[in-house]
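Undergrad: model the following, please.
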Amino acid sequence: MLLLAAASFIGNQACRPCHRSYADSFAHTPMAQSSGRVDSVAPASFTAGGNRYRIEGSRLIFDGGSQSMDYYVGSNAAGRSYLWTRDGYLFESPITWYARKQIWDLSPGFERISGIQLTRPIEPSCLLCHASRVRPVLGSQNRYGDPPFLDNGVACERCHGPGSEHVRDPGRARMVNPKDLAAELRDSICEQCHLTGEARVERAGRRLAEFRAGERLADYATYLVWDTDRRDMKVTSHVEKLAQSACKRSSGDALWCGTCHDPHTNANKTQAACLGCHAAAHHAEQSCAACHMPESPVADDGGHGVMTDHSIPARMRSPDSSPAHGNLRAFLGIDDDRALGIAYAQLGDARAREYLLRAKPADADVALRLAFLEQDPSRAAALYESVLRASPAQPVALVNLGIVLARAGRLQDAARLWARALTANPAIEEAALNLARIQPAAEARATLRRYLEFNPLSEAARARLKAIH
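TA: Residues are numbered from 1 along each chain as shown. From the prediction side, this is the model:
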(Lines give C-alpha, C1' and ligand atoms only; values in the text may rest on other atoms or scores of the structure.)
Protein backbone atom coordinates (compact mmCIF):
# COMPACT_ATOMS: atom_id res chain seq x y z
CA MET A 1 0.00 0.00 0.00
CA LEU A 2 1.42 3.36 -1.03
CA LEU A 3 1.23 6.26 1.40
CA LEU A 4 0.24 9.65 0.03
CA ALA A 5 2.84 12.36 0.50
CA ALA A 6 1.98 15.27 2.75
CA ALA A 7 1.20 18.28 0.60
CA SER A 8 3.30 21.41 1.05
CA PHE A 9 2.86 25.06 0.13
CA ILE A 10 4.46 26.05 -3.15
CA GLY A 11 3.23 29.58 -3.85
CA ASN A 12 1.03 31.53 -6.22
CA GLN A 13 3.28 31.20 -9.24
CA ALA A 14 2.68 27.44 -9.35
CA CYS A 15 -1.07 28.11 -9.71
CA ARG A 16 -0.84 30.69 -12.49
CA PRO A 17 -0.07 28.45 -15.52
CA CYS A 18 -3.39 26.60 -15.21
CA HIS A 19 -5.49 29.30 -13.52
CA ARG A 20 -4.26 32.48 -15.15
CA SER A 21 -7.57 34.35 -15.22
CA TYR A 22 -8.17 33.73 -11.51
CA ALA A 23 -4.57 34.59 -10.64
CA ASP A 24 -4.61 37.81 -12.65
CA SER A 25 -7.89 39.07 -11.21
CA PHE A 26 -7.01 38.05 -7.66
CA ALA A 27 -3.70 39.92 -7.87
CA HIS A 28 -5.62 43.21 -7.89
CA THR A 29 -7.73 42.47 -4.79
CA PRO A 30 -7.04 43.91 -1.31
CA MET A 31 -6.33 40.41 0.05
CA ALA A 32 -3.58 39.86 -2.50
CA GLN A 33 -2.09 43.29 -1.75
CA SER A 34 -2.10 43.05 2.04
CA SER A 35 1.70 42.83 2.41
CA GLY A 36 4.89 43.30 0.48
CA ARG A 37 8.30 44.91 0.32
CA VAL A 38 8.49 48.70 0.41
CA ASP A 39 10.08 50.42 -2.57
CA SER A 40 9.39 53.99 -1.53
CA VAL A 41 6.77 55.99 0.33
CA ALA A 42 5.42 59.38 -0.68
CA PRO A 43 7.27 62.19 1.14
CA ALA A 44 5.46 63.45 4.23
CA SER A 45 5.95 65.59 7.32
CA PHE A 46 3.59 65.27 10.27
CA THR A 47 3.14 65.09 14.03
CA ALA A 48 1.89 61.93 15.74
CA GLY A 49 1.68 61.32 19.47
CA GLY A 50 3.40 64.65 20.11
CA ASN A 51 6.47 63.67 18.05
CA ARG A 52 7.57 65.08 14.71
CA TYR A 53 8.22 62.69 11.81
CA ARG A 54 9.35 62.94 8.20
CA ILE A 55 9.28 60.31 5.50
CA GLU A 56 11.94 60.41 2.81
CA GLY A 57 12.16 57.53 0.35
CA SER A 58 11.73 54.48 2.54
CA ARG A 59 13.02 55.98 5.79
CA LEU A 60 11.12 57.33 8.76
CA ILE A 61 13.01 60.27 10.27
CA PHE A 62 12.42 61.57 13.79
CA ASP A 63 14.17 63.55 16.49
CA GLY A 64 17.12 61.44 17.51
CA GLY A 65 17.45 59.23 14.46
CA SER A 66 15.77 57.42 11.61
CA GLN A 67 14.49 53.96 10.79
CA SER A 68 13.99 52.03 7.58
CA MET A 69 10.52 51.07 6.35
CA ASP A 70 11.21 47.67 4.81
CA TYR A 71 7.83 45.92 4.51
CA TYR A 72 4.20 46.94 4.67
CA VAL A 73 1.05 45.22 5.95
CA GLY A 74 -2.41 46.37 4.98
CA SER A 75 -3.93 46.66 1.52
CA ASN A 76 -4.34 50.44 1.85
CA ALA A 77 -8.10 50.13 1.47
CA ALA A 78 -8.36 51.14 5.13
CA GLY A 79 -4.72 51.84 5.82
CA ARG A 80 -1.18 50.54 5.81
CA SER A 81 1.37 49.90 8.56
CA TYR A 82 5.09 49.40 8.14
CA LEU A 83 7.71 46.98 9.42
CA TRP A 84 11.45 47.34 9.74
CA THR A 85 14.07 44.65 10.01
CA ARG A 86 17.59 44.33 11.33
CA ASP A 87 19.63 41.14 11.33
CA GLY A 88 16.45 39.26 10.42
CA TYR A 89 14.47 40.53 13.44
CA LEU A 90 11.20 42.19 12.47
CA PHE A 91 9.54 45.13 14.28
CA GLU A 92 6.54 47.40 13.76
CA SER A 93 6.97 51.05 12.90
CA PRO A 94 5.15 53.48 15.24
CA ILE A 95 3.25 55.21 12.42
CA THR A 96 0.48 54.10 10.05
CA TRP A 97 -1.15 55.63 6.98
CA TYR A 98 -4.94 55.82 7.43
CA ALA A 99 -6.34 55.86 3.91
CA ARG A 100 -9.92 56.87 4.73
CA LYS A 101 -8.81 60.10 6.42
CA GLN A 102 -5.66 60.50 4.29
CA ILE A 103 -3.51 61.07 7.36
CA TRP A 104 -0.46 59.66 9.09
CA ASP A 105 -0.85 58.88 12.79
CA LEU A 106 0.29 56.43 15.46
CA SER A 107 -0.08 52.75 14.65
CA PRO A 108 -2.86 50.90 16.50
CA GLY A 109 -1.91 50.39 20.16
CA PHE A 110 0.94 52.92 20.11
CA GLU A 111 -1.28 55.67 21.49
CA ARG A 112 -0.80 54.09 24.94
CA ILE A 113 2.99 54.34 24.71
CA SER A 114 4.96 57.49 25.58
CA GLY A 115 7.85 58.50 23.39
CA ILE A 116 8.80 56.84 20.10
CA GLN A 117 8.55 53.07 20.31
CA LEU A 118 10.63 51.19 17.74
CA THR A 119 10.82 47.72 19.26
CA ARG A 120 7.35 46.17 19.11
CA PRO A 121 8.16 42.64 17.86
CA ILE A 122 6.33 41.18 14.89
CA GLU A 123 5.59 37.60 15.89
CA PRO A 124 4.39 35.03 13.33
CA SER A 125 0.79 35.37 14.50
CA CYS A 126 0.95 39.05 13.47
CA LEU A 127 1.80 38.12 9.88
CA LEU A 128 -0.50 35.17 9.28
CA CYS A 129 -3.44 37.22 8.00
CA HIS A 130 -1.34 39.58 5.89
CA ALA A 131 1.33 37.39 4.32
CA SER A 132 1.79 33.83 3.13
CA ARG A 133 4.52 31.24 3.50
CA VAL A 134 5.87 33.07 6.55
CA ARG A 135 9.41 31.96 7.52
CA PRO A 136 9.96 32.28 11.30
CA VAL A 137 13.30 31.17 12.72
CA LEU A 138 12.98 28.49 15.39
CA GLY A 139 14.15 29.62 18.82
CA SER A 140 13.31 33.28 18.29
CA GLN A 141 10.41 35.58 19.03
CA ASN A 142 10.53 37.69 15.88
CA ARG A 143 13.38 36.54 13.64
CA TYR A 144 12.68 35.42 10.07
CA GLY A 145 14.39 34.24 6.95
CA ASP A 146 15.24 36.68 4.20
CA PRO A 147 12.63 37.54 3.03
CA PRO A 148 10.33 36.99 6.04
CA PHE A 149 7.54 35.68 3.78
CA LEU A 150 7.64 34.19 0.28
CA ASP A 151 4.21 35.29 -0.98
CA ASN A 152 2.85 38.79 -0.62
CA GLY A 153 -0.65 39.04 0.75
CA VAL A 154 -3.14 36.22 1.15
CA ALA A 155 -2.03 33.55 -1.31
CA CYS A 156 -4.13 31.02 -3.23
CA GLU A 157 -3.24 28.20 -0.86
CA ARG A 158 -4.63 29.98 2.19
CA CYS A 159 -8.13 29.22 0.89
CA HIS A 160 -7.47 26.20 -1.32
CA GLY A 161 -4.91 24.25 0.72
CA PRO A 162 -1.27 23.34 -0.02
CA GLY A 163 -0.76 22.60 -3.69
CA SER A 164 2.39 20.50 -4.13
CA GLU A 165 0.56 17.23 -4.73
CA HIS A 166 -2.05 18.84 -6.97
CA VAL A 167 0.67 20.25 -9.21
CA ARG A 168 2.28 16.82 -9.36
CA ASP A 169 -0.97 14.96 -10.15
CA PRO A 170 -3.96 17.29 -10.68
CA GLY A 171 -6.42 14.48 -11.34
CA ARG A 172 -5.66 12.57 -8.17
CA ALA A 173 -4.91 15.34 -5.66
CA ARG A 174 -7.75 17.85 -5.73
CA MET A 175 -7.50 21.31 -4.25
CA VAL A 176 -9.99 22.55 -1.65
CA ASN A 177 -12.95 24.48 -3.05
CA PRO A 178 -14.53 26.35 -0.11
CA LYS A 179 -18.04 26.43 -1.57
CA ASP A 180 -18.08 22.62 -1.80
CA LEU A 181 -17.25 22.11 1.88
CA ALA A 182 -19.60 21.56 4.79
CA ALA A 183 -20.58 24.92 6.30
CA GLU A 184 -18.31 24.67 9.34
CA LEU A 185 -15.26 23.84 7.22
CA ARG A 186 -16.15 26.44 4.60
CA ASP A 187 -16.59 29.18 7.17
CA SER A 188 -13.36 28.23 8.96
CA ILE A 189 -11.40 29.44 5.94
CA CYS A 190 -12.79 32.96 6.27
CA GLU A 191 -12.77 32.89 10.07
CA GLN A 192 -9.02 32.36 10.27
CA CYS A 193 -8.60 36.08 9.46
CA HIS A 194 -12.03 37.70 9.81
CA LEU A 195 -12.99 36.48 13.29
CA THR A 196 -11.46 38.50 16.13
CA GLY A 197 -13.44 37.94 19.32
CA GLU A 198 -12.38 39.56 22.56
CA ALA A 199 -9.73 36.90 23.03
CA ARG A 200 -8.30 34.02 21.03
CA VAL A 201 -6.78 30.98 22.75
CA GLU A 202 -4.96 28.26 20.86
CA ARG A 203 -5.91 24.74 21.86
CA ALA A 204 -3.33 22.75 23.84
CA GLY A 205 -0.68 21.41 21.50
CA ARG A 206 -2.08 23.25 18.46
CA ARG A 207 -0.93 26.36 16.63
CA LEU A 208 -3.03 28.46 14.27
CA ALA A 209 -0.11 28.57 11.85
CA GLU A 210 -0.74 24.86 11.23
CA PHE A 211 -4.36 25.37 10.13
CA ARG A 212 -5.09 24.28 6.56
CA ALA A 213 -8.12 24.96 4.39
CA GLY A 214 -10.60 22.11 4.76
CA GLU A 215 -10.03 21.71 8.51
CA ARG A 216 -12.08 22.90 11.50
CA LEU A 217 -10.72 26.13 12.91
CA ALA A 218 -12.28 25.16 16.26
CA ASP A 219 -9.77 22.29 16.45
CA TYR A 220 -7.00 24.88 16.60
CA ALA A 221 -8.36 27.69 18.74
CA THR A 222 -11.22 28.98 20.84
CA TYR A 223 -12.56 32.46 20.11
CA LEU A 224 -14.33 34.12 23.03
CA VAL A 225 -16.75 37.05 23.15
CA TRP A 226 -18.65 38.82 25.92
CA ASP A 227 -22.06 37.38 26.69
CA THR A 228 -23.58 40.88 26.47
CA ASP A 229 -24.82 42.51 23.26
CA ARG A 230 -21.86 44.66 22.25
CA ARG A 231 -22.10 47.24 19.47
CA ASP A 232 -18.42 48.13 19.24
CA MET A 233 -16.59 47.31 16.03
CA LYS A 234 -13.12 45.91 15.44
CA VAL A 235 -11.12 45.91 12.25
CA THR A 236 -11.68 42.18 11.69
CA SER A 237 -14.84 41.40 13.61
CA HIS A 238 -16.89 40.59 10.50
CA VAL A 239 -17.82 37.03 11.44
CA GLU A 240 -19.11 37.67 14.95
CA LYS A 241 -20.96 40.80 13.81
CA LEU A 242 -22.67 38.87 11.01
CA ALA A 243 -23.75 36.24 13.55
CA GLN A 244 -25.61 38.96 15.46
CA SER A 245 -27.72 39.86 12.42
CA ALA A 246 -31.33 38.83 11.93
CA CYS A 247 -30.40 37.86 8.37
CA LYS A 248 -27.85 35.28 9.53
CA ARG A 249 -30.12 33.93 12.26
CA SER A 250 -32.91 33.46 9.70
CA SER A 251 -30.79 32.13 6.82
CA GLY A 252 -28.41 29.92 8.81
CA ASP A 253 -25.64 28.27 6.82
CA ALA A 254 -27.03 29.57 3.52
CA LEU A 255 -25.65 33.03 4.33
CA TRP A 256 -21.88 33.15 4.46
CA CYS A 257 -19.06 35.45 3.37
CA GLY A 258 -19.18 34.17 -0.22
CA THR A 259 -22.82 35.21 -0.49
CA CYS A 260 -21.78 38.83 -0.85
CA HIS A 261 -18.06 38.69 -1.64
CA ASP A 262 -16.19 37.23 -4.60
CA PRO A 263 -12.67 36.62 -3.28
CA HIS A 264 -11.15 36.28 -6.76
CA THR A 265 -12.33 39.67 -8.01
CA ASN A 266 -13.46 41.57 -4.90
CA ALA A 267 -16.80 42.02 -6.67
CA ASN A 268 -19.56 43.14 -4.30
CA LYS A 269 -22.67 40.94 -4.62
CA THR A 270 -24.45 42.42 -1.61
CA GLN A 271 -27.37 44.04 -3.44
CA ALA A 272 -28.27 40.86 -5.29
CA ALA A 273 -28.05 38.92 -2.03
CA CYS A 274 -30.36 41.37 -0.25
CA LEU A 275 -32.96 41.35 -3.01
CA GLY A 276 -32.83 37.57 -3.13
CA CYS A 277 -34.70 37.57 0.19
CA HIS A 278 -36.27 41.03 0.11
CA ALA A 279 -37.47 41.47 -3.45
CA ALA A 280 -40.22 43.82 -2.34
CA ALA A 281 -37.95 45.88 -0.09
CA HIS A 282 -38.52 49.61 0.12
CA HIS A 283 -36.10 51.64 -1.99
CA ALA A 284 -35.07 48.43 -3.73
CA GLU A 285 -33.53 50.48 -6.52
CA GLN A 286 -31.00 51.90 -4.04
CA SER A 287 -28.18 50.23 -2.12
CA CYS A 288 -29.57 48.25 0.80
CA ALA A 289 -26.13 48.15 2.41
CA ALA A 290 -25.81 51.94 2.45
CA CYS A 291 -28.42 52.10 5.24
CA HIS A 292 -28.40 48.61 6.71
CA MET A 293 -24.66 47.88 6.62
CA PRO A 294 -23.27 51.32 7.46
CA GLU A 295 -19.58 52.02 7.67
CA SER A 296 -18.92 52.53 11.37
CA PRO A 297 -15.84 53.57 13.39
CA VAL A 298 -13.68 50.74 14.69
CA ALA A 299 -12.24 50.63 18.19
CA ASP A 300 -8.79 49.18 17.57
CA ASP A 301 -7.06 51.53 15.13
CA GLY A 302 -6.97 54.82 16.97
CA GLY A 303 -10.42 55.83 15.76
CA HIS A 304 -9.33 56.62 12.21
CA GLY A 305 -10.88 53.72 10.35
CA VAL A 306 -14.38 52.62 9.52
CA MET A 307 -15.57 49.16 8.59
CA THR A 308 -18.82 47.75 7.26
CA ASP A 309 -21.20 46.81 10.07
CA HIS A 310 -22.00 43.18 9.33
CA SER A 311 -24.61 43.02 12.09
CA ILE A 312 -27.01 44.50 9.47
CA PRO A 313 -28.94 46.74 11.87
CA ALA A 314 -32.50 47.66 10.96
CA ARG A 315 -31.69 51.29 11.65
CA MET A 316 -28.58 53.38 12.18
CA ARG A 317 -27.18 53.21 15.70
CA SER A 318 -24.23 54.63 17.55
CA PRO A 319 -21.32 52.31 18.37
CA ASP A 320 -20.95 51.23 22.00
CA SER A 321 -17.54 52.28 23.29
CA SER A 322 -18.22 51.70 26.98
CA PRO A 323 -16.07 49.18 28.89
CA ALA A 324 -17.22 45.60 28.47
CA HIS A 325 -18.99 43.86 31.33
CA GLY A 326 -20.25 40.33 31.77
CA ASN A 327 -18.65 36.97 31.18
CA LEU A 328 -16.70 35.49 28.32
CA ARG A 329 -18.24 32.70 26.30
CA ALA A 330 -17.01 30.70 23.34
CA PHE A 331 -18.13 32.01 19.97
CA LEU A 332 -16.13 29.23 18.31
CA GLY A 333 -14.49 26.31 20.06
CA ILE A 334 -14.68 25.16 23.68
CA ASP A 335 -14.81 27.58 26.62
CA ASP A 336 -13.34 25.19 29.17
CA ASP A 337 -11.35 26.33 32.22
CA ARG A 338 -8.13 26.49 30.22
CA ALA A 339 -9.56 28.69 27.47
CA LEU A 340 -11.36 30.97 29.91
CA GLY A 341 -8.34 31.30 32.19
CA ILE A 342 -5.96 32.24 29.38
CA ALA A 343 -8.54 34.57 27.83
CA TYR A 344 -9.20 36.45 31.06
CA ALA A 345 -5.43 36.67 31.59
CA GLN A 346 -5.01 38.16 28.12
CA LEU A 347 -7.57 40.81 29.06
CA GLY A 348 -6.02 41.49 32.46
CA ASP A 349 -9.16 40.28 34.22
CA ALA A 350 -8.78 39.16 37.85
CA ARG A 351 -10.96 36.12 37.21
CA ALA A 352 -8.12 34.48 35.30
CA ARG A 353 -6.48 32.76 38.28
CA GLU A 354 -9.50 30.72 39.40
CA TYR A 355 -9.88 29.22 35.92
CA LEU A 356 -6.16 28.69 35.39
CA LEU A 357 -5.87 26.70 38.63
CA ARG A 358 -8.53 24.29 37.33
CA ALA A 359 -7.26 24.19 33.74
CA LYS A 360 -6.72 20.84 32.05
CA PRO A 361 -4.21 20.31 30.63
CA ALA A 362 -2.04 22.61 32.71
CA ASP A 363 0.34 23.10 29.82
CA ALA A 364 3.00 25.75 29.21
CA ASP A 365 0.47 28.39 28.13
CA VAL A 366 -1.36 27.95 31.44
CA ALA A 367 1.85 27.80 33.50
CA LEU A 368 3.15 31.04 31.96
CA ARG A 369 0.11 32.99 33.07
CA LEU A 370 -0.03 31.36 36.50
CA ALA A 371 3.63 32.19 37.04
CA PHE A 372 2.98 35.84 36.24
CA LEU A 373 0.23 35.90 38.88
CA GLU A 374 2.14 33.87 41.48
CA GLN A 375 3.36 35.77 44.57
CA ASP A 376 5.62 33.03 45.96
CA PRO A 377 9.04 33.23 44.21
CA SER A 378 9.83 29.53 44.44
CA ARG A 379 6.48 28.50 42.97
CA ALA A 380 6.78 31.15 40.26
CA ALA A 381 10.27 29.86 39.39
CA ALA A 382 9.01 26.29 39.11
CA LEU A 383 6.23 27.39 36.78
CA TYR A 384 8.58 29.41 34.57
CA GLU A 385 10.99 26.46 34.42
CA SER A 386 8.16 24.22 33.24
CA VAL A 387 7.37 26.75 30.50
CA LEU A 388 10.98 26.78 29.32
CA ARG A 389 11.15 23.00 29.18
CA ALA A 390 8.33 23.10 26.67
CA SER A 391 9.33 26.33 24.91
CA PRO A 392 13.03 27.17 25.53
CA ALA A 393 12.89 30.55 23.78
CA GLN A 394 9.74 31.93 25.48
CA PRO A 395 10.88 35.52 26.14
CA VAL A 396 8.57 36.38 29.06
CA ALA A 397 9.58 33.24 30.92
CA LEU A 398 13.28 33.87 30.25
CA VAL A 399 13.19 37.47 31.49
CA ASN A 400 10.96 36.88 34.50
CA LEU A 401 12.68 33.71 35.70
CA GLY A 402 15.95 35.60 35.44
CA ILE A 403 14.53 38.27 37.76
CA VAL A 404 13.37 35.66 40.28
CA LEU A 405 16.79 33.96 40.29
CA ALA A 406 18.70 37.23 40.52
CA ARG A 407 16.69 38.24 43.58
CA ALA A 408 17.65 34.89 45.11
CA GLY A 409 21.35 35.63 44.49
CA ARG A 410 21.74 33.27 41.52
CA LEU A 411 23.23 35.92 39.26
CA GLN A 412 25.04 33.65 36.82
CA ASP A 413 21.90 31.62 36.20
CA ALA A 414 19.97 34.84 35.69
CA ALA A 415 22.59 36.14 33.26
CA ARG A 416 22.30 33.01 31.12
CA LEU A 417 18.53 33.40 30.94
CA TRP A 418 18.70 37.07 29.94
CA ALA A 419 21.31 36.25 27.29
CA ARG A 420 18.95 33.62 25.88
CA ALA A 421 16.14 36.19 25.85
CA LEU A 422 18.30 38.55 23.82
CA THR A 423 18.99 35.77 21.35
CA ALA A 424 15.25 35.29 20.93
CA ASN A 425 14.76 39.04 20.52
CA PRO A 426 17.72 41.45 20.95
CA ALA A 427 15.39 44.41 21.57
CA ILE A 428 14.01 43.29 24.95
CA GLU A 429 15.02 46.24 27.13
CA GLU A 430 14.48 44.48 30.47
CA ALA A 431 16.84 41.69 29.45
CA ALA A 432 19.53 44.06 28.16
CA LEU A 433 19.45 46.38 31.17
CA ASN A 434 19.34 43.56 33.72
CA LEU A 435 22.16 41.67 32.05
CA ALA A 436 24.31 44.80 31.84
CA ARG A 437 23.88 45.41 35.58
CA ILE A 438 25.63 42.16 36.51
CA GLN A 439 28.19 41.81 33.72
CA PRO A 440 31.78 43.03 33.86
CA ALA A 441 32.15 46.51 32.36
CA ALA A 442 33.41 45.46 28.93
CA GLU A 443 30.66 42.86 28.47
CA ALA A 444 28.03 45.27 29.78
CA ARG A 445 29.09 47.91 27.24
CA ALA A 446 28.81 45.36 24.42
CA THR A 447 25.37 44.28 25.60
CA LEU A 448 24.08 47.84 25.74
CA ARG A 449 25.58 48.85 22.41
CA ARG A 450 24.00 45.85 20.78
CA TYR A 451 20.62 46.77 22.27
CA LEU A 452 20.99 50.40 21.18
CA GLU A 453 21.41 49.22 17.59
CA PHE A 454 17.74 48.24 17.77
CA ASN A 455 16.47 50.99 20.06
CA PRO A 456 18.77 54.02 19.82
CA LEU A 457 16.20 56.20 21.63
CA SER A 458 16.38 54.25 24.91
CA GLU A 459 17.25 56.78 27.59
CA ALA A 460 17.70 54.03 30.17
CA ALA A 461 20.25 52.17 28.05
CA ARG A 462 22.15 55.34 27.16
CA ALA A 463 22.24 56.39 30.83
CA ARG A 464 23.50 52.97 31.88
CA LEU A 465 26.18 53.01 29.17
CA LYS A 466 27.30 56.47 30.27
CA ALA A 467 27.45 55.35 33.90
CA ILE A 468 29.72 52.44 32.95
CA HIS A 469 32.05 54.78 31.09
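Undergrad: report the separation between the residue nearest in space to the middle of the chain and Val366.
TA: When Cα atoms, centre = their mean is applied to the chain, the residue found nearest the centroid is Cys126 (3.1 Å). Between Cys126 and Val366 the distance, using Cβ to Cβ, to the nearest Å, works out to 23 Å. Just so you know, the C-beta spots here come from the backbone N, C-alpha and C atoms, and that holds for glycine as well.
Undergrad: over to Ser66?
TA: 42 Å.
Undergrad: swap in Asp39?
TA: Asp39 is 45 Å from Val366, by Cβ to Cβ.
Undergrad: repeat for Pro108
TA: For Pro108 relative to Val366 (Cβ to Cβ), the value is 28 Å.
Undergrad: the two - which one has more neighbours?
TA: Val366 (25 against 20; other Cβ atoms under 10 Å).
Undergrad: sec struct for Tyr144, please.
TA: Following DSSP: H, G, I helix; E, B strand; the rest coil, we place Tyr144 in the strand state.
Undergrad: leaving out chain neighbours, which residue sits closest to it?
TA: Arg135 (5.2 Å; Cβ to Cβ, 6 or more residues apart in numbering).
Undergrad: the one you found - that's part of a strand, no?
TA: Yes: assessed by three-state DSSP, Arg135 belongs to a strand.
Undergrad: buried sites along whichever strand or helix holds Lys466?
TA: Assessed by DSSP states H and E, Lys466 sits inside helix 459-468. Using 16 or more other Cβ atoms under 10 Å as the test for burial, helix 459-468 gives 461, 464-465.
Undergrad: ditto for stretch 150-158
TA: By 16+ other Cβ under 10 Å, the buried positions in stretch 150-158 come out as 150-158.
Undergrad: nearest to Arg416, out of these: which one, please.
TA: Leu150 (34.7 Å; Cβ to Cβ).
Undergrad: and stretch 215-233, how far from the chain's centre?
TA: 15 Å (Cα atoms, centre = their mean, to the nearest Å).
Undergrad: that older thread, just say helix, strand or coil for the residue nearest to the centre of the chain.
TA: Secondary structure for Cys126, judged by three-state DSSP, is helix.
Undergrad: repeat for Leu224
TA: Leu224 - assigned by three-state DSSP - is strand.
Undergrad: what's the local residue count around the closest residue in space to it that isn't next to it in sequence?
TA: Spatial nearest neighbour of Leu224, excluding adjacent residues (Cβ to Cβ, 6+ apart): Leu328 at 4.4 Å. Leu328: 24 surrounding residues under other Cβ under 10 Å.
Undergrad: repeat for Ala427
TA: Using other Cβ under 10 Å, Ala427 has 23 other residues around it.
Undergrad: next one, pLDDT for it please.
TA: Model confidence at Ala427, given as pLDDT, is 98.
Undergrad: check contacts around it.
TA: 89, 91, 118-119, 121, 451, 454-455 (Cβ atoms under 8 Å, 6 or more residues apart in numbering).
Undergrad: coming back round to it: hmm, Ala343 and the residue nearest to Leu224 touching each other?
TA: Yes: using Cβ atoms under 8 Å, Leu328 makes contact with Ala343 at a distance of 5.4 Å.
Undergrad: now the common contact residues for the two.
TA: Common contacts of Leu328 and Ala343, defined by Cβ under 8 Å, 6+ apart, comprise 198-199, 224.
Undergrad: let's have those in TSV, adding pLDDT and neighbour count.
TA: As requested, the shared contacts of Leu328 and Ala343 are exported to TSV (pLDDT from 0 to 100; neighbours: other Cβ atoms under 10 Å):
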residue	pLDDT	neighbour count
Glu198	91	20
Ala199	94	20
Leu224	95	26
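Undergrad: as a markdown table, those residues with distance to Ala6 would be great.
TA: Converted to a markdown table, the shared contacts of Leu328 and Ala343 look like this (distance: Cβ to Cβ, whole Å):
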| residue | distance to Ala6 |
| --- | --- |
| Glu198 | 35 |
| Ala199 | 32 |
| Leu224 | 32 |
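Undergrad: quick one: mean pLDDT for stretch 362-377?
TA: For stretch 362-377, the per-residue pLDDT averages 97.
Undergrad: what comes up buried for that stretch?
TA: 362-371, 374.
Undergrad: stretch 34-50 too?
TA: Residues 34-36, 38, 41, 48-49 are the ones in stretch 34-50 that count as buried (16+ other Cβ under 10 Å).
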